[in-house]
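Colleague: predicted structure and sequence below. I'll ask about it afterward.
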Amino acid sequence: MKAIDRALNSGIATPFYLYDVRLLEDTLSEIRRSIGDRPVKVHYAVKANGTTGILRIISREGFGADCVSGGEIEAAVHAGFRPADIFFAGVGKTDSEIELGLRQGIGCFNVESLEELRIIASIAESCGIKAPVALRINPNIDAHTHHYITTGLEENKFGISADDMEEGVRICMDNAWLKLRGLHFHIGSQITTMEPFMILCERINGYQERLDSIGVKLEFVNVGGGLGIDYDNPEENTIPPFQAYFDALMSHIRLREGQTLHCELGRSVVAQCGSLISRVVLVKKGKEKNFAVLDAGMNDLLRPALYGAHHKIVNLSSPDAPMEKYDVVGPVCESSDCFGIDEMLPRLRRGDYVAILSAGAYGQSMASTYNMRPLPRSFFL
């Protein structure tokens, strides 16, 4: 609490994002410990949080970067990530972004369609730079998350159908400007059981057997990300179960000699180290409800409005006050600007500080200036 008090007394205006550097460092250490000496490489998913301070901490620890735009590539390089450890994903890479990746010397393009594969080959030839690629294959696994963040089904905008895998391999083999390095997968986000990852590994084993039959050897298999966090009890479960995650992967996948397993973790790395700090503008008493109106809105933290997501809310100013029920809402002119309905919280008053927890991932990175509100700032403990 002393650290939080220091942030609140620093003069920084609410709302702002508060990041616990020690927790982030402990999380990174636990990832390394859970991997041990196994042939695993982690690429941090920059889309989860591209704040410069966050990126620099992660890059210093030797992790790679998973990027989905040219801007993320530039941010990763600026923060100290080695270009060879940067992988570039996304269904709509523009010509200029592909050229940027080539000239930066990134480690791999995760290719999401046969059409994109041919485009990358053409741009690589015009640049005179061979393009390292991995084919993103859709394993048709339903990870049972929100339909906005399920990405591994057979028919969606992401990835290449498993039926087209051999054709993608043939295109790579026949083109001198493509270097096929691996296969890439991603089945969704906020996955809280190990079963979907185990199923994915079994599917990958089958794909590798198909490639063995045509004499194709790969440097790596990339299982993507998706490991979830505990949004309901973040103070008790601050670090996700990385040991169980890596154990599940390595016990079910059959790597070939010399192959490495790549993962793209984002939410599980940074979500619990970040909180959105806000103040109560007023408490409106309705006929049957109390509305706690905050100075933070959906432009500062979009997940509740976009996904119906829920974050734990804490009264920082009066944690021991009697409990009351509130709808916790923001000031934006949208009915969806709501952080929680029927939240039981210590009695809130005008001017109280509240923390919206588990906001380190897809919080600040998705913030906007909607309603011409300023972007929230960062404060690092």
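Modeller: Structure's in. What do you need? Residues are numbered from 1 along each chain as shown.
Colleague: ok, residue 275 touching residue 16?
Modeller: No: if you go by CB atoms under 8 Å, residue 275 and residue 16 don't touch, sitting 9.5 Å apart. To be clear about C-beta, it is placed using only N, CA and C from the backbone, and glycine gets the same treatment.
Colleague: okay, those two: which has more neighbours?
Modeller: residue 275 (27 against 20; other CB atoms under 10 Å).
Colleague: now do the contacts for the more buried one.
Modeller: Neighbouring residues of residue 275 by CB atoms under 8 Å, 6 or more residues apart in numbering: 17-18, 355-360.
Colleague: now it, which residues is it bridged with?
Modeller: For residue 275, the beta-bridge partners under DSSP bridges are residue 18.
Colleague: could you turn the buried ones of the contacts of residue 275 into a PyMOL selection?
Modeller: Of the contacts of residue 275, the buried ones go into a single PyMOL selection, burial set by 16 or more other CB atoms under 10 Å:
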select buried, resi 17+18+355+356+357+358+359+360
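Colleague: closest one of the contacts of residue 275 to residue 118?
Modeller: residue 360 (38.3 Å; CB to CB).
Colleague: for the nearest residue to that closest one once chain neighbours are set aside, give me its contacts.
Modeller: Leaving aside its chain neighbours, residue 360 sits nearest to residue 274 (2.5 Å; criterion: CB to CB, 6 or more residues apart in numbering). Counting by CB under 8 Å, 6+ apart, residue 274 makes contact with 17-20, 49, 358-361, 363-364.
Colleague: where along the stretch 51-200 of the chain do the helices fall?
Modeller: 52-60, 70-78, 95-104, 114-127, 165-174, 195-213 (DSSP state H, counting those that start in this stretch).
Colleague: make CSV out of these and add distance to residue 232, mean pLDDT and mean neighbour count.
Modeller: Formatted as CSV, the helices of the stretch 51-200 of the chain follow (distance: least, CB to CB, whole Å; pLDDT from 0 to 100; neighbours: other CB atoms under 10 Å):
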stretch, distance to residue 232, mean pLDDT, mean neighbour count
helix 52-60, 24, 97, 19
helix 70-78, 30, 98, 19
helix 95-104, 38, 98, 18
helix 114-127, 39, 98, 17
helix 165-174, 39, 96, 16
helix 195-213, 20, 96, 16
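Colleague: which strand or helix spans the residue of the chain positioned farthest from its centre?
Modeller: Here the chain reaches farthest from its C-alpha mean at residue 287, the gap being 40.7 Å by CA atoms, centre = their mean. For residue 287, there is no host helix or strand (DSSP states H and E).
Colleague: and the gap between the closest residue in space to residue 252 that isn't next to it in sequence and residue 246?
Modeller: Of all residues not flanking residue 252 in the chain, residue 201 sits nearest, at 3.7 Å (CB to CB, 6+ apart). Using CB to CB, to the nearest Å, residue 201 is found at 12 Å from residue 246.
Colleague: same check on residue 63?
Modeller: Residue 63 is 14 Å from residue 246, by CB to CB.
Colleague: equivalent analysis for residue 103, please.
Modeller: 34 Å.
Colleague: quick one: buried residues of stretch 340-352?
Modeller: In stretch 340-352, counting by 16+ other CB under 10 Å, buried: 340, 343, 345-348, 352.
Colleague: pLDDT value on the residue nearest to residue 232 when sequence neighbours are not counted, please?
Modeller: Leaving aside its sequence neighbours, residue 232 sits nearest to residue 312 (CB to CB, 6+ apart; 6.8 Å). Per-residue confidence (pLDDT) for residue 312: 98.
Colleague: ok, residue 312 - contacts?
Modeller: Counting by CB under 8 Å, 6+ apart, the residues that residue 312 touches are 231-235, 356-358.
Colleague: among those, which two are most distant?
Modeller: Most distant of those, by CB to CB, are 233 and 356, 15.0 Å apart.
Colleague: name the SS class of residue 26, please.
Modeller: helix (DSSP: H, G, I helix; E, B strand; the rest coil).
Colleague: my guess is it contacts residue 239. True?
Modeller: Yes: assessed by CB under 8 Å, residue 26 is found in contact with residue 239 at 6.6 Å.
Colleague: between the two, tell me which one has more neighbours.
Modeller: Per other CB under 10 Å, whichever of residue 26 and residue 239 has more neighbours is residue 239, with 18 against 14.
Colleague: against residue 23, how distant is the more buried one?
Modeller: Distance from residue 239 to residue 23, by CB to CB: 8 Å.
Colleague: can you check residue 140 too?
Modeller: With CB to CB as the criterion, residue 140 and residue 23 are 36 Å apart.
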